[in-house]
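J.: requesting a structural model of the entry that follows:
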Amino acid sequence: MLFLNVQFIFNARGIERPSTYLIKSGFSAHSAHYILHGKTRSIRLDHIESLCKLLICEPSDLFTWQPDQNENLPASQPITKLRKHETQQSIQNLITDIPLKQIKEIAAVIQEKKEEPITPKTKNEA
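T.: Numbering: from 1, shown residues only. Alright, predicted model coming up:
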């Protein structure tokens, strides 16, 4: 079954109050609640677009797929790429025990990545 799973993105981005963040960004309190708790059975396309713009992600990043109990799909099935994300920790939690020197190195790598131009996918990559 396919689930909306955005909590880990908020954690990764260091957003401590995702409900408030969504409401201030134009979502209704009702929509924010259902989005954050994965209780929605359907989601509007404009909400997907807004979430992607706010969280700087792709639509596929918003979803997690969990196979049904007796379902066994081959790994080549594209939907299997949406399995639950293993690391759902915030960056802050990941670096708490790392020496400052390594944090500086990580920050430099992140800065380099931010400065790289984003190239559109080719037909073969999509």
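J.: looking at the chain, which helix is longest?
T.: Longest among the helix segments of the chain by residue count, using DSSP state H, is helix 100-115.
J.: contacts for it, please.
T.: Among residues not part of helix 100-115, those counted as contacts by C-beta atoms under 8 Å, 6 or more residues apart in numbering are I95, I98. To be clear about C-beta, it is placed using only N, CA and C from the backbone, and glycine gets the same treatment.
J.: before we move on, what about stretch 23-33?
T.: Contacts of stretch 23-33 with the rest of the structure, by C-beta under 8 Å, 6+ apart, involve P18, S19, L22, I35, K39, H47, S50, L54.
J.: name the residues of it that come out as buried.
T.: Burial within stretch 23-33, assessed by neighbour count using 16 or more other C-beta atoms under 10 Å, is assigned to F27, S31, A32.
J.: what's the neighbour count on L4?
T.: L4 has 21 neighbours, counted by other C-beta atoms under 10 Å.
J.: I meant H47, not that one.
T.: With neighbours defined by other C-beta under 10 Å, the count for H47 comes to 19.
J.: tell me which helix or strand it sits in.
T.: Mapping H47 onto the secondary structure by DSSP states H and E places it in helix 45-55.
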